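**Student:** here's a sequence, model it:
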Amino acid sequence: MDALLGTCSLPELRRRTSFKWRTHAGDVLPAFVAEMDFDLAPPVTQAVTAALAIGDCGYAHKGMLGEAYAAFAAARLGWAPDPGRVFPIPDVMTGLAEVIGAITPPGSGIIINSPVYPPFWFRFGFYGRRIIEAPLARDAAGRYDLDPAAIEEALSDPGAAAYLLCSPHNPTGNVWSAAQLETVAGLCQRRGVALLVDEIHAPLVLPGTAFVPFGSLDHSMAEQAYIFTSASKGWNIPGLKCGVAVAGSDYGAALLEERWEALLAGHLGVLASVAAFTDGLPWLDAVVGQLDENRALLSVLLREQLPGVGYAQPQASFLAWLDCRELGLGDDPSAAFLDKGKVAVSRGPDFGSRGRGFVRLNIGTSPALIADAVRRMAMAVRLTSAAGGQ
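**Tutor:** Numbers count the residues shown, from 1 in each chain. I've put the predicted structure just below:
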């Protein structure tokens, strides 16, 4: 592995006290929650420690976040947002929920593409909204796609008020093309439905795929949409609590501005994000290179040890969506993997009914720990099969 990323030594990792490393017993290998196992980018560490050294732990000021993100987006994503329309938020889900609460009436419907990130299913219910499914299409090879007919049907719901698009998509790892995004934009425009786009995994698009920021489209919906992203996934700093919201219009910017207190980010998170977007690109390149190797390695390991598992390599990020329905482990294979293999993966049913029989595996780690995770999963299948034959 690249020296910038560290060694991902299991004894060293077990010293961490985050949710990933404290949820399960010490004999369980955690490969579920979306935290990577790499060392932090040196510029991020330096920015945070420098602030701590002078007691700079007050309330957040956006500082140079707008300029830093806009420069990063222009250089890496091919999009030049207005820095004045870039706002710090505590995290993407809080930003989404606050804007949904502001622009849609209680009882309205929020459209999502299932299977999808679990908080999309329940978070908006806290604000009195309901979920409308527009399921993704899935081909024989296990590759997912947006389904215009399903989207059109969801938009026809008389209460539909907003479409929440996950791009790149979690958990499938799909990166949507310009044509796909324009299709979504056109459908929302014709139905008068607001569009919010979660682009949190955009910094981690992998080789061979081009990411298209929604805000870069030559479409009027790009000026009406709200874009949400963060350095938290790309640079592995979710605990520092800073995301980014980008308004496509002056109206949207005013809405975010007036809600600054409800959307107050962590001050250290703002400083860390500026450092990441500005000086953390060599580290990000190392991560992307490692994830590219990891997704290919997982294909080999599954073919050798768990040939019954369906796996389409992700186009972005460090999450592998595994079809385990042929293993005979029921709707929630993660339970058997945890009980008999001592490896914790994300429950497929948490991503919606189309996640039954699936699991999500975190591959943001060393090749050795990926191999250990697959070994444990294969052992769980063998033990479950043996128990069933007795």
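**Student:** residue ranges in the chain under the pLDDT threshold?
**Tutor:** Low-confidence segments of the chain (pLDDT under 70): 389-390.
**Student:** G78 against G215, yeah?
**Tutor:** No - applying C-beta atoms under 8 Å as the test, G78 and G215 come out as separate, 10.3 Å apart. To be clear about C-beta, it is placed using only N, CA and C from the backbone, and glycine gets the same treatment.
**Student:** of those two, give the one with the bigger neighbour count.
**Tutor:** It is G215, of G78 and G215, that has more neighbours when counted by other C-beta atoms under 10 Å, with 22 against 12.
**Student:** quick check: A154 touching A162?
**Tutor:** No - if you go by C-beta under 8 Å, A154 and A162 don't touch, sitting 11.1 Å apart.
**Student:** now for the two: what residues contact both?
**Tutor:** G109, I111 (C-beta atoms under 8 Å, 6 or more residues apart in numbering).
**Student:** so how far is E261 from S346?
**Tutor:** Counting by C-beta to C-beta, to the nearest Å, the separation of S346 from E261 is 33 Å.
**Student:** neighbour count winner among these two?
**Tutor:** The residue with more neighbours, out of S346 and E261, is S346; 23 against 7, by other C-beta under 10 Å.
**Student:** what bridges to that one?
**Tutor:** Beta bridges link S346 to R360 when assigned by DSSP bridges.
**Student:** go ahead and confirm it touches G355.
**Tutor:** No - here S346 does not reach G355: they are 9.0 Å apart, not a contact under C-beta under 8 Å.
**Student:** what do these two both touch?
**Tutor:** Contacts common to S346 and G355, judged by C-beta under 8 Å, 6+ apart, are P171.
**Student:** wait, S317 touches H169, no?
**Tutor:** No - when contacts are counted by C-beta under 8 Å, S317 is not listed as touching H169 (9.4 Å).
**Student:** show me how this structure divides into domains.
**Tutor:** The chain breaks down into these domains under automatic domain parsing: 3-40+282-388, 43-280.
**Student:** now Q313: closest residue in space that isn't a chain neighbour?
**Tutor:** The shortest distance from Q313 to any non-neighbouring residue, by C-beta to C-beta, 6 or more residues apart in numbering, is to R295 (4.6 Å).
**Student:** need the contact list for the one you found.
**Tutor:** L206, Q313, P314, A320, I363.
**Student:** would the second one count as being in a helix?
**Tutor:** What it means is Q313. No - using DSSP: H, G, I helix; E, B strand; the rest coil, the assignment for Q313 is coil, not a helix.
**Student:** quick one: it and P238, what's the gap?
**Tutor:** From Q313 across to P238, the span is 24 Å (C-beta to C-beta).
**Student:** more crowded one of these two?
**Tutor:** Just comparing Q313 and P238: by other C-beta under 10 Å the higher neighbour count belongs to P238, 21 against 16.
**Student:** touching, the more buried one and S232? I think so.
**Tutor:** Yes - under the criterion of C-beta under 8 Å, P238 makes contact with S232 at 4.2 Å.
**Student:** what touches both of those two?
**Tutor:** With C-beta under 8 Å, 6+ apart as the test, P238 and S232 both reach D91.
**Student:** and the longest strand along the chain, what other elements does it pack with?
**Tutor:** The longest strand of the chain (DSSP state E) is strand 160-166. Contact here means 3 or more C-beta pairs under 8 Å, 6 or more residues apart in numbering; DSSP states H and E; on that basis strand 160-166 packs against helix 92-103, strand 109-112, helix 148-155, helix 178-191, strand 194-198.
**Student:** one more time with 10 Å, if that's ok
**Tutor:** helix 92-103, strand 109-112, strand 130-133, helix 148-155, helix 178-191, strand 194-198, strand 226-230 (3 or more C-beta pairs under 10 Å, 6 or more residues apart in numbering; DSSP states H and E).
**Student:** the first one vs strand 160-166, what angle?
**Tutor:** I take that to be helix 92-103. In terms of direction (axes from the mean of the first three to the mean of the last three C-alpha atoms, to 10 degrees), helix 92-103 departs from strand 160-166 by 160 degrees.
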